[in-house]
Structures are given as structure tokens and as C-alpha cells.
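S.K.: test case, fold it:
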Amino acid sequence: MDVFGRTSLLLAFAAAAWGLFAALFGRQRPALAESARTSCFAVALATAAANAAMLAALLSDDFAVRYVAESSSRAAPVLYKVLALWGGAGGSLLLWNLVLAGYGAALACWARRHPHPALRWVFATVAGVQVFFLSLVVVATDPFARSNPVPADGAGLQPLLRSNVLMAVHPPVLYLGLIGFAVPFGFAVAALAERDAADWWVQAARRWVLAAWCFLAAGLCLGALWAYTVLGWGGFWGWDPVENAALLPWLTATAYLHSARLQQRRGILKIWNIGLILATFVLTVLGTFLTRGSLLVSVHAFADSAIGPFFLVFLGAVAVAAVVLVLRRASRLRSHGKLDAALSRETFFLGNNLVLSALAATIGAGMLYPLAVEASSGTEVTVGKPFYTQTTTPLLLLVLLLAGIAPLLPWRKGQPGQLLRRLALPAAAAVVAAVGIRLAGAPGIAVPLGFGLAAFAAAGALSELARSARARYPRGTAVLRSLWTAFAGHAVRRSHGALLAHLGLALAAAGIAASAGLSREAEATLVPGQSAVLAGYELSYAGAEQHADPERTTLSARFTLSTGDGSAAELSPSIASYRGTTDPIGEPALRRGVWTDLYATLLAVQQPGNQATVRLYVNPGVPWFWAGGALVVVGGFLCGWPVRRRSPSRARRVATAGATP
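M.R.: Coordinates of the predicted model:
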């Protein structure tokens, strides 16, 4: 398998290099230009063959391949042998190349239906990126390197990767998001390289940006869910450097999605939009460099990688090329429109862009500062949660405020009286929510303000959805018809998806505020038959038991949780010791609710008598965070859903009769 896999990678590299050459020199040669497009399929087939070879080696326990010996074992279930494909640095780069090649093949299919002379620059850019990432597995590190000597068994996956099935979906979805921005990056390069592509690229790149943005949002949420259900610390976001590295391009892409509408409608912010897409791609490369370059200490980072210098050179080359292109082509990208009034949707979209950019810059500074200090002085410093909480909270509150007001404003110029009427309901919801959470015990001012602004944004989105539904269907079951229209995909309006995404943001923000202000935790050490009241709940300890299988030994403790209303639930947190490692992994127990999660972590079990130390977390609002994240992803996909054009006669019948399309 190693020979077949290595040969497949060489063929993929050759096909990508040819695609780069053909795209750059095929302007006056149609056959050569067409070969640049079709080479994308060759790259996809060859990288798929290399991934299949590695997967076959994993499933057949071929420990002659070093990566298999380091990442799998004979006793591992089939699922975890498959997960090992992206469980280590070499395998993850194979999957990374496969996803990038898949995007290239999708671009080749799209280009056949949407021809444009500037597409050669898009193909050249994607092929150039592919050449770099393939060079990592062809030149820098060989995932099919041989073991010497060949071990009888492998080391198996890292314990954290074996402890939850979410690892089956989180990395691939995250890759789909991060890698997907290579295609919009290509469109931005085309806009800088071709004189007649300055406006074409925004509309052409829109769905590619939305797809990558949605996948990245889903990957971030799945990563937060994995941290919540596996790491046992009771939270879902710890401002870990690798978490931040994935968040940064999502923030800049979010800013782009808002400002791109201004360029499409008003012809403004052209250079700004180019800069946002270039920055988004540079941030994805930076995050990949930090994760795989052995620079960050994180539960998410890959250890002992030799590809850091290659990433550093590529990152520098991309950043310098982007800046040079923008400076040289800035004159042809001047905006021909302008803002008509301060009280308009355009102004608030611009404000949203500035705040999101400031948020990304703040998080990026906190992430890079320790690396800069260590590189300059050799001193190790850390930037933790207090820094991010203090610096990002005001910016996040501004994002909520702008997200609540912007959809209520018309384009070009709004009227103060009209805005005040539309703000009445959201403002009332904000006051009620802020007072309510304050009376529930939330401390300080930031949490009530955040909860209130989340209610403000949610009420604004819902009222605008209802207003749109009444305008579209003035008779009968307007809301039901509007929902059918949105989710059946017959005539999805971009604004509906955007409003659903805003509603999801508001729900997620409300969950974060409630979790920050109302969560409680308590700890107790119990012997079997003993009870204690923790955070308002009675916890009874029944005893501990041990289970063993070829992969791990698990020590579980059984608790009964009683609440004031007479209901009870069984919680069985555990500690697992995996074969080949001495570090135990805690596995928390969860009782999920509509508003509150009850979360128990087993800290230790001591002999004699199975004395157990347990910590109970009461986490209000966390279920709302997951619901909000899911709604953001759904709203994003609806924004990019193709609209089925109706004939003019049918459109007139629908408008006059209010019939469901």
C-alpha cells in the first residue's frame, strides 16, 4: 500500500503542477486552458487514491507503514481505525489535500456552467495552493514512510481522540470550512489580476464563501461540543490558541458576507472586500501553521512536526503577494458609490465590519503575543481567559446591538420615526430579559446587558421575519407559508437566511451570557450510600465499578441526582485508562435539559471503600448555545440556497392571489 499511496501522491503533485502551468499560460490557448480545468479531476482522483491506500493500511493493520504503527492498533474498533486517518499530522495532511482537491473538482464543474476569462487565475491560485500542500506530503514528510523495525502492534490513537465519536465528524467538517476559503481567495486574486473582474468576482465567490463559512461555523460548534463532553471542565470554549486560530477566519469571513452586499448594491468597499478575503485565507494558513508547526501547546495541536518552516515560507509568500497585488491594483478598485445617510442599513453594515475586524485583531493579538515574547526574549508567557473576557466583551455587545438594528433599517436612507416604531418591540424584549436575568442572580452589568442585547437582536430578527411574511402572504396562514417557502427551497430569499442566522447568534449569545452569570459548581467526597447537596441538588453515591476491554479500563461511579420537584436522574461519570498511556481521561456525565445542563465529573476514586470525589456543574443556557449555533449554520446555508426563478405570469398570480408557490 505504501508504494501505491506514494505513487498516487506523486501523480497528484504532477497534475496540480500542470494545472498551475496551464492556467497561467493558457490565456490564448483554449486547449491548454481547458486542461487546467480538467486537471482538477486528476488531482482529486489521485489524492482520493492516496487516502484510500492509507485507509486500507489502517484497516489491515499494516504496521510496516510508520503512520499506521503510530496511530492505530490491532484492538482498535473499525471506527477508530478510520478516525486514525486524521488522528496524526501525516494523515491529516492527506485528508487536507483530499478536501482541497474536492473543492478544485467542484470549481471545475462550476466553471463549465459559468465561463469567464478571469477563471484562469482562480484555477492557477487553487492549483498553486494544492501544489504547496502536496509538497508537504511528497517532500517535507512522507505519510507512507516505512517502520524500521516493524512492530507487532501499534500505539493506537491518542486517548482524547478515542473518547468520543464527535472526532469522526469535527475534523472533516472543520477542514471543509478552512480549506474552502482557498476558492474565494482565488476569485480575489482574479479580481486583482483581471481588469474586468473587479465586480464579477463578488457575485461569483458568494456561494463559495457561504459554504466555507457554514462548514467552519459547524466545525467550531462541533469542536466546542467535543470540549464540553470530553474534557470534563464544565465549559465549551476555553480561548485555547487553536480554537482562536479557527475562529479568526470565521470572523473576517462574517465581515465579508456583510460588506459584499454593499459592493453588490452600492458599488462601495471594493478594496475592503478584497482585503477581507485575502486576510481570511492568510488566517487559515496561519492557523494551520500554528497547529502543525509545533508552536502551540494545546489539546488540539499536533506534536513534533517538521513542516513548520515550509508553512512559514508559504505564509510569508502569500501575505507579501497579497499586499503587493492590492497596492498595485488599488486604483482600478476605487468605489464609485457612497453612503447616502448615517441612518441606513449600509452604515450599520460598515459598523459591523469595523467591530468584527477589531474583534479578530484583538483575539489575534492575544494569540500571537506569547509567541512574539518567547521568540524575542525566550520568556514563556500565557494569555488566558481573563484577557479575552475583558477585551472582547464590549466588542461582542456591539456586535449584538448592530445585528439587532441593521435588519430593521432600509437601504440608502431610513426615517427616525420608522426606526423608533420598529425598535419598540426589541427594546421592550431587551429590558424584560435584562431585568429577568438580573433578578435570577446574574452578577454585575455585563451579563444582564449581554442577555438583554441578545433578546433585542432575537426580537428584531423575529419581527422582521414576521413583517416579511405579512408582506409576502397578506392572507391566512402567513407565517406557516413563509416557513414552507424558506425551508422547502422554492423561493428562498437571502434575507430570510440572514435573519435566521441573526436569530441563531442571539440564541448563542443568550446561552453564553446565562452560562457566564448563572452557572454554579460544587465538589464533594462521598462513600457509597452517602449523600450531599451540591449547587442546590441532592447527589447520592451508590458505588463504583470497573470495566475492562482490550482498548481501555474504565472506572465508573454511580450517582443519583434528586431535584426539588421530586424527579431523579442517574449520572455515571467515569475515568478511563487507555492502553499505551499512563494519563487517565475523565468522561463526564450529562443530563441535558431545555434550559439547564447538569454536568458531573469524577475527579478520583480512592480505596478502601470506593470513596469518590465528584464535581457537579449546573450550566444554565448551554442548550441555547447549541441551538443557536445550529440555527446560524442553517441560516447560512439558506442564504446560499439556489433560487428557482418563476415565470413572470406565475409571479403575478402569486402576488395577486397570495397562493403558495
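S.K.: for the stretch 451-600 of the chain, just list every one of the helices.
M.R.: Using DSSP state H, counting those that start in this stretch, the helices of the stretch 451-600 of the chain run over residues 478-488, 494-518.
S.K.: worst average pLDDT in those?
M.R.: The minimum mean pLDDT among the helices of the stretch 451-600 of the chain belongs to helix 478-488 (a mean of 51).
S.K.: count of residues packed around the spatially closest residue to Thr288 that is not a sequence neighbour?
M.R.: Closest residue to Thr288 apart from its sequence neighbours, by Cβ to Cβ, 6 or more residues apart in numbering: Phe311 at 6.6 Å. The C-beta positions use only the backbone N, C-alpha and C, and glycine is treated the same way. Residues lying near Phe311 (other Cβ atoms under 10 Å) number 23.
S.K.: Phe311 belongs to a strand?
M.R.: No: Phe311: not assigned to a strand; according to DSSP: H, G, I helix; E, B strand; the rest coil it is helix.
S.K.: that one contacts Val285, doesn't it?
M.R.: Yes: between Phe311 and Val285 there is a contact under Cβ atoms under 8 Å: 7.0 Å.
S.K.: shared neighbours of these two, anything?
M.R.: By Cβ atoms under 8 Å, 6 or more residues apart in numbering, Phe311 and Val285 have no common neighbours.
S.K.: and stretch 44-61, what's its mean pLDDT?
M.R.: 95.
S.K.: which outside residues touch that stretch?
M.R.: Here stretch 44-61 has contacts from 1-2, 4-5, 8-9, 11-12, 15, 62, 65, 67-68, 71-74, 78, 81-82, 84-85, 91, 94-95, 97-98, 101-102, 104-105, 134, 137, 143-144, 154, using Cβ under 8 Å, 6+ apart.
S.K.: just the buried residues of stretch 383-394, please?
M.R.: Of the residues in stretch 383-394, 383, 387-388, 391-393 count as buried by neighbour count, 16 or more other Cβ atoms under 10 Å.
S.K.: which stretches of this structure have low pLDDT?
M.R.: 292-306, 337, 469-493, 564-566, 580, 642-661 (pLDDT under 70).
S.K.: in it, which spans are strands?
M.R.: 520-526, 531-534, 537-548, 552-562, 568-571, 574-578, 585-587, 589-591, 596-606, 611-620 (DSSP state E).
S.K.: list the strands paired with the third one, with their directions.
M.R.: Take DSSP bridges as the rule and strand 537-548 pairs in its sheet with strand 531-534 (antiparallel), strand 552-562 (antiparallel).
S.K.: could you do the first one as well?
M.R.: The sheet places strand 520-526 alongside strand 611-620 (antiparallel), with pairing taken from DSSP bridges.
S.K.: stretch 72-81: which residues count as buried?
M.R.: 72-73, 76, 80-81.
S.K.: re earlier: can I get the buried residues of stretch 383-394 in JSON lines including distance to Pro370?
M.R.: Shown next, in JSON lines, are the buried residues of stretch 383-394 (distance: Cβ to Cβ, whole Å):
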{"residue": "Val383", "distance to Pro370": "6"}
{"residue": "Phe387", "distance to Pro370": "11"}
{"residue": "Tyr388", "distance to Pro370": "13"}
{"residue": "Thr391", "distance to Pro370": "15"}
{"residue": "Thr392", "distance to Pro370": "17"}
{"residue": "Thr393", "distance to Pro370": "21"}
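S.K.: now, among those residues, which is nearest to Phe289?
M.R.: Comparing the buried residues of stretch 383-394 against Phe289 with Cβ to Cβ places Val383 closest, at 18.4 Å.
S.K.: for the closest one, what are its contacts?
M.R.: Taking Cβ under 8 Å, 6+ apart, one finds 366-367, 369-370 in contact with Val383.
S.K.: could you do Ala535 as well?
M.R.: 520-522, 616-618.
S.K.: also Glu346?
M.R.: Glu346 sits in contact with 262, 265-266, 268, 339-340, 411-412, where contact means Cβ under 8 Å, 6+ apart.
S.K.: now with 10 Å, please.
M.R.: The contact partners of Glu346, taken as Cβ atoms under 10 Å, 6 or more residues apart in numbering, are 259, 261-262, 265-266, 268-269, 337-340, 406, 409-413.
S.K.: if we can go back for a sec, quick check: the residue nearest to Thr288 touching Val282?
M.R.: No: contact criterion Cβ atoms under 10 Å: Phe311 and Val282 do not qualify, at 11.9 Å.
S.K.: thought Arg421 was touching Gln415?
M.R.: Yes: contact criterion Cβ under 10 Å: Arg421 and Gln415 qualify, at 9.4 Å.
S.K.: hey, where'd the helices end up in the stretch 101-250 of the chain?
M.R.: Going by DSSP H, counting those that start in this stretch, the stretch 101-250 of the chain shows helices at 119-135, 159-162, 170-180, 182-193, 200-230, 241-266.
S.K.: among the ones you listed, which is the most enclosed?
M.R.: helix 182-193 (a mean of 26; mean count of other Cβ atoms under 10 Å).
S.K.: can I get that helix in CSV, CA atoms only?
M.R.: The C-alpha coordinates for helix 182-193 follow below in CSV (Å, rounded to 0.1, in the frame of the first residue of the first chain):
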residue,chain,number,x,y,z
ALA,A,182,-8.9,28.8,-1.0
VAL,A,183,-11.6,29.2,-3.7
PRO,A,184,-12.7,32.7,-2.7
PHE,A,185,-9.1,33.6,-2.4
GLY,A,186,-8.6,32.6,-6.0
PHE,A,187,-11.5,34.8,-7.0
ALA,A,188,-10.0,37.8,-5.1
VAL,A,189,-6.7,37.2,-7.0
ALA,A,190,-8.6,37.1,-10.3
ALA,A,191,-10.2,40.5,-9.4
LEU,A,192,-6.7,41.9,-8.8
ALA,A,193,-5.2,40.4,-11.9
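S.K.: the inter-axis angle of it versus helix 200-230?
M.R.: Relative orientation of helix 182-193 versus helix 200-230 (axes from the mean of the first three to the mean of the last three Cα atoms, to 10 degrees): 150 degrees.
S.K.: can you redo the strands paired with strand 537-548 as a markdown table with mean neighbour count?
M.R.: Converted to a markdown table, those look like this (neighbours: other Cβ atoms under 10 Å):
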| stretch | mean neighbour count |
| --- | --- |
| strand 531-534 | 16 |
| strand 552-562 | 19 |
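S.K.: for Arg206, find the nearest of those.
M.R.: Here strand 552-562 is closest among the strands paired with strand 537-548 (Cβ to Cβ), at 46.9 Å.
S.K.: and the closest residue to Phe13 other than its chain neighbours, how far from Asn97?
M.R.: Closest residue in space to Phe13, ignoring its immediate chain neighbours: Leu134 at 4.4 Å, by Cβ to Cβ, 6+ apart. Distance of Leu134 to Asn97, given as Cβ to Cβ, to the nearest Å: 6 Å.
S.K.: tell me, what's touching these two both at once?
M.R.: Common neighbours of Leu134 and Asn97 (Cβ under 10 Å, 6+ apart) are 9, 12-13, 16, 43, 46-47, 50.
S.K.: and the contacts of Ala535, which are buried?
M.R.: If we count by 16+ other Cβ under 10 Å, these have these buried: 522, 616-618.
S.K.: so where do the helices sit in the stretch 251-400 of the chain?
M.R.: Using DSSP H, counting those that start in this stretch, helices in the stretch 251-400 of the chain cover 270-292, 308-329, 345-377, 385-405.
S.K.: how far off centre is the third one?
M.R.: Put plainly, it is helix 345-377. 17 Å (Cα atoms, centre = their mean, to the nearest Å).
S.K.: same check, this time on the first one
M.R.: Helix 270-292 sits 14 Å away from the centroid of its parent chain (Cα atoms, centre = their mean).
S.K.: need the contact list for Val65.
M.R.: 1-2, 5, 53-54, 57-58, 71-72, 90, 142-147, 150, 154.
S.K.: so who does Leu598 touch?
M.R.: Applying Cβ under 10 Å, 6+ apart, the residues near Leu598 are 534-535, 537, 539, 561, 563, 569, 571, 589-592, 616-619.
S.K.: that'll do, ta.
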